[in-house]
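Asker: Turn this into a structure:
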Amino acid sequence: MLKRYRVGRAWLAGAASVAILAACLGGGGETPATQVFKGGHVVTMDAQRTVAQAVAVRGGKIIAVGSDADMARYIDSQTEVIDLQGKTLLPGFIDAHIHPVLGATRLGQCSMDGETLAAAEIVTRLQACLAADPGAAGEWFEAVNVNPAGLVMTSADLDQVSTTRPMFVAGIDGHTAWANSLALQMVGVMAATPDPAGGVIVRDAQGQPTGALVDAAQGLVSSAIPEIPLAQHVVKSRQALDLARSKGLTSVQDAWASERAMDVYDALEKDGTLKMRVRANLMADVADDEAQYARLKEQRARFAQHKLVKADGVKVFSDGVIEYPTQTAAMLTPYLDTNGQPTNNYGGRYFEQDVMERYLTRLDKEGFRVNVHSIGNFTTRTILDAFEKVRVANGNQAIAHQISHLEIIHPDDIPRFAPANVLANLQMFWALPDVYTLDALKPFIDPQAHRYIYPAGSLKAAGATIVGGSDWPVDSMPGEPMLNTPLRAIYMGVTRTNPIPDEHFGEVLYAEERVDRDTMIAAYTIHGAKALGMDKEVGSIEVGKYADFVIFDEDVTQVDIHRLMFDVEVAATVLGGEYVYQRSTAATGASLRNRMSQPGNGGKDSNKGWHVVRSHAFCGPDHHHGEQLH
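Answerer: Below you'll find the predicted structure:
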């Protein structure tokens, strides 16, 4: 527990202690700090990677960094002095790809927790959820976090759960969903219904819908589900942001922000409970359309004066996901069938190249940061082509655009990121050998392409800037609704090793693509700040920047790397000098290592090996409740 001192306010010690401390440190004529954090291991993440002891704060911003002795001139009787007692203080973590408001709707819903389940097992769990929430005939029933990798499920399976309530069951990846027969009937999805742009209605040999929906096709059903009231959405979002703060996050980039999401942020900021810096990537289609440009600029202007929220980014998607059987990520070579033979499927092509180039050029000219979803190596190549043309057309190197996910990159395209000033927004928590990277992928794509899966090491060697994001709520496990944390992503980026007692335990996913710990910490601090266009304000502990910190009991830059995955927890999170999260010393909770092995969690004692449960990119064109997920 940290010790705080200030005259007139008994934190953990009385006024006498404050007087002694002030007398010892004295004053030096400087304008006093409102706070001084002293006696710590301060990892600044500045360009020189300076390590200090103490930080002085005034008005929520850093005014000095140095030794304990250096801080004496900033302390008077009104200064709050926080004794870190040797704890490590880092810049507050930044998640550059997350969906806080959208993910909030999944909290408390019937969840499959991303576990690898057969259709029959899912039906059994859904029946249990329905028994607990019987509802009325015609009332929509939703379930979430289904693991789609290798799963074949149909409306006939879901009809076993209910034929009187329309059902929508969402995959954990945001790109796949299933509906029962009643839901398909209610929205009019039938054999004659055409596939929507950017989506697929999965059909049987007779052309009848099977109930499985991919990418934009999900919206044919989900758009009919009534939206929850705004007040309820605000409450759920507050819970989601509480989770984020408990993981050390002080800034986030909402990677697909709908108008509803912006209304939620507006409400949270106005009632004083947001307590998070938010940069929104506004949801948008790839369309060179004046009405869309006007809408985006209007939304940006709406938040121009907000203290914590800015709407100065735009998010678009270029393809889908890569795992079997969905396979909508766009590839340079065709997917392989179950016998290893080439098919006619190259994945989704969700845009026209000339339209994309005009679109990105206009957004760049208007001053928007652009974040493009790309999983496959075809779309990554074509998006780099487009960004290079943007630079030629506008000559603007000030705005750093980004490509997210980047699961497979052709090696010829890796050196192109740095010259084009395109950030590599990676979800490195996924860079391990598991069902997603091996079982549902490796047999189905060109082996040479698979070698460059999440190629962080190659990107770093080529001078690319790597930024980190979780894509929450993609990852889940029972009892751990926010599994993909900065610390665990750091572990994966450094080791690329499966630490889970499952069928791939101890395996490494291309050791040559590992990166060092400093690169991964930077991805969630100073480089994450670049993705948000905030590297002059946050991301490092330097004079003039906001006093956004995350505090740990031990030095996360040196502690055994495996402990970042399993044991190390955030002690406190500070936003602008204000404590927005403090771990309870009375109930710190079981470590992930212990929770994994609990019966029912698919742990070592379970008949199903526990694994990291997610798919790639909670960002498919879902149109859920009128929103698209990218």
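
Asker: Every contact and neighbour count from this point should use C-alpha atoms.
Answerer: Noted.

Asker: how far does stretch 124-142 stretch from start to finish?
Answerer: For stretch 124-142, the first-to-last residue distance is 15 Å (CA to CA, to the nearest Å).

Asker: Not counting it itself, show me its contacts.
Answerer: 109-110, 112, 143, 161, 164-170, 225 (CA atoms under 8 Å, 6 or more residues apart in numbering).

Asker: can you do 10 Å?
Answerer: 106, 109-112, 120-123, 143, 158, 160-170, 179, 182-183, 186, 222, 224-226 (CA atoms under 10 Å, 6 or more residues apart in numbering).

Asker: What of stretch 265-276?
Answerer: Contacts for stretch 265-276 (CA under 10 Å, 6+ apart): 100-101, 230-231, 234-235, 237-238, 241-242, 244-245, 249-252, 257, 259-264, 277-278, 280, 302-303, 306-310, 548, 574-576, 578-580.

Asker: Which ones among those map onto strands?
Answerer: 249-252, 257, 277-278, 280, 309-310, 574-575, 578-580 (DSSP state E).

Asker: I'd like to know which of the residues you listed is nearest to L487.
Answerer: L249 (11.0 Å; CA to CA).

Asker: who's in contact with that closest one?
Answerer: L249 touches 91-95, 241-243, 276-277, 485-486, 524-525, 548-550, 570, 573-575, 581, counting by CA under 10 Å, 6+ apart.

Asker: Could you do A143 as well?
Answerer: A143 neighbours (CA under 10 Å, 6+ apart): 106, 109-112, 125-126, 129-130, 167-171, 177-178.

Asker: related to what we said a few turns ago, now, which of the contacts of L249 lie within helices?
Answerer: L241, D242, L243, P486 (DSSP state H).

Asker: Do a quick rundown of the strands in the stretch 301-450 of the chain.
Answerer: According to DSSP state E, counting those that start in this stretch, the stretch 301-450 of the chain carries its strands in the segments 309-317, 369-374, 401-405, 422-426.

Asker: Can you turn the buried part of the contacts of stretch 265-276 into a PyMOL selection?
Answerer: Applied in PyMOL, the following selects the buried portion of the contacts of stretch 265-276 according to 16 or more other CA atoms under 10 Å:
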select buried, resi 100+101+234+237+238+241+242+244+245+249+250+251+252+257+260+261+262+264+277+278+280+303+308+309+310+548+574+575+576+580
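
Asker: just to revisit the earlier point, D289: which of the ones in helices among the contacts of L249 is nearest?
Answerer: Nearest to D289 among the ones in helices among the contacts of L249, with distances taken as CA to CA, is L241, at 34.1 Å.

Asker: ok, now how distant is the closest one from H99?
Answerer: Counting by CA to CA - L241 and H99 are separated by 10 Å.

Asker: Next secondary structure after the helix or strand of the chain with the lowest mean pLDDT?
Answerer: The weakest-scoring helix or strand in the chain, judged by mean pLDDT, DSSP states H and E, is helix 15-25 (a mean of 36). Going down the chain from helix 15-25, the next helix or strand is strand 35-38, by DSSP states H and E.

Asker: which one of the ones in helices among the contacts of L249 is nearest T382?
Answerer: Using CA to CA, the ones in helices among the contacts of L249 come closest to T382 at P486, 29.7 Å.

Asker: Quick check: the residue lying closest to that closest one once chain neighbours are set aside vs Q305, distance?
Answerer: Leaving aside its chain neighbours, P486 sits nearest to Y524 (6.6 Å; criterion: CA to CA, 6 or more residues apart in numbering). Going from Y524 to Q305 by CA to CA gives 26 Å.

Asker: When these two are compared, which one has more neighbours?
Answerer: Using other CA atoms under 10 Å as the criterion, Y524 and Q305 rank with Y524 on top: 27 against 10.

Asker: In terms of pLDDT, where does the more buried one sit?
Answerer: Y524 carries a pLDDT score of 99 in this model.

Asker: Surely it is in contact with I466?
Answerer: Yes. With contact defined as CA atoms under 10 Å, Y524 counts as touching I466 (9.2 Å).

Asker: quick one, helices of the stretch 151-300 of the chain?
Answerer: 155-159, 181-187, 219-222, 230-246, 259-270, 290-302 (DSSP state H, counting those that start in this stretch).

Asker: Please name the nearest non-neighbouring residue to Q35.
Answerer: If the residues on either side of it in the chain are set aside, Q35 comes closest to E80, at 4.6 Å by CA to CA, 6+ apart.

Asker: What does that neighbour show for phi and psi?
Answerer: The phi/psi pair for E80 (degrees, to the nearest 10) reads phi -80, psi 120.

Asker: hang on, isn't it packed against A33?
Answerer: Yes. With contact defined as CA under 10 Å, E80 and A33 form a contacting pair (8.1 Å).

Asker: Who has more neighbours out of those two?
Answerer: A33 (25 against 22).

Asker: how much space between the more buried one and A64?
Answerer: Here the criterion is CA to CA. By it, A33 lies 9 Å from A64.

Asker: what do you get for P447?
Answerer: The value you get for P447 to A64, if CA to CA is used, is 52 Å.

Asker: Nearest to V556, out of the contacts of A143: which one, please.
Answerer: R106 (30.9 Å).

Asker: How about the closest one, nearest residue that isn't a chain neighbour?
Answerer: V144 is the one closest to R106 (CA to CA, 6+ apart), at 6.8 Å.

Asker: check contacts around the one you found.
Answerer: 105-114, 168-174, 177.

Asker: Are any of these buried, and if so which?
Answerer: 105-107, 110-114, 168-174, 177.

Asker: Surely G479 and G108 touch.
Answerer: No. With contact defined as CA under 10 Å, G479 does not reach G108; the gap is 11.6 Å.

Asker: Against I526, how distant is the closest residue to K545 other than its chain neighbours?
Answerer: Using CA to CA, 6+ apart and skipping the chain neighbours, the partner closest in space to K545 is E537 (4.6 Å). Going from E537 to I526 by CA to CA gives 10 Å.

Asker: Need phi/psi at the residue nearest to P455 when sequence neighbours are not counted.
Answerer: Leaving aside its chain neighbours, P455 sits nearest to E513 (5.4 Å; criterion: CA to CA, 6+ apart). Here is the backbone geometry of E513 (degrees, to the nearest 10): phi -100, psi 10.

Asker: residues in contact with E513?
Answerer: So E513 contacts 431, 451-461, 493-496 (CA under 10 Å, 6+ apart).

Asker: likewise Q327?
Answerer: Counting by CA under 10 Å, 6+ apart, Q327 has contacts 214, 319-321, 335, 345-348, 376, 440-441, 444-445.

Asker: Quick check: pLDDT value at it.
Answerer: At Q327, pLDDT is 93.

Asker: Tell me the spacing between it and F429.
Answerer: 21 Å.

Asker: now swap in M262 and tell me
Answerer: Counting by CA to CA, the gap from M262 to F429 is 28 Å.

Asker: Neighbours of M190, how many?
Answerer: 16.

Asker: quick thing: my sequence starts at 35, can you match it?
Answerer: Right, with 35 as the first residue, what we last looked at is M224.

Asker: Hmm, V89 and M105 touching each other?
Answerer: Yes. Counting by CA under 10 Å, M105 touches V89, with 7.4 Å between them.
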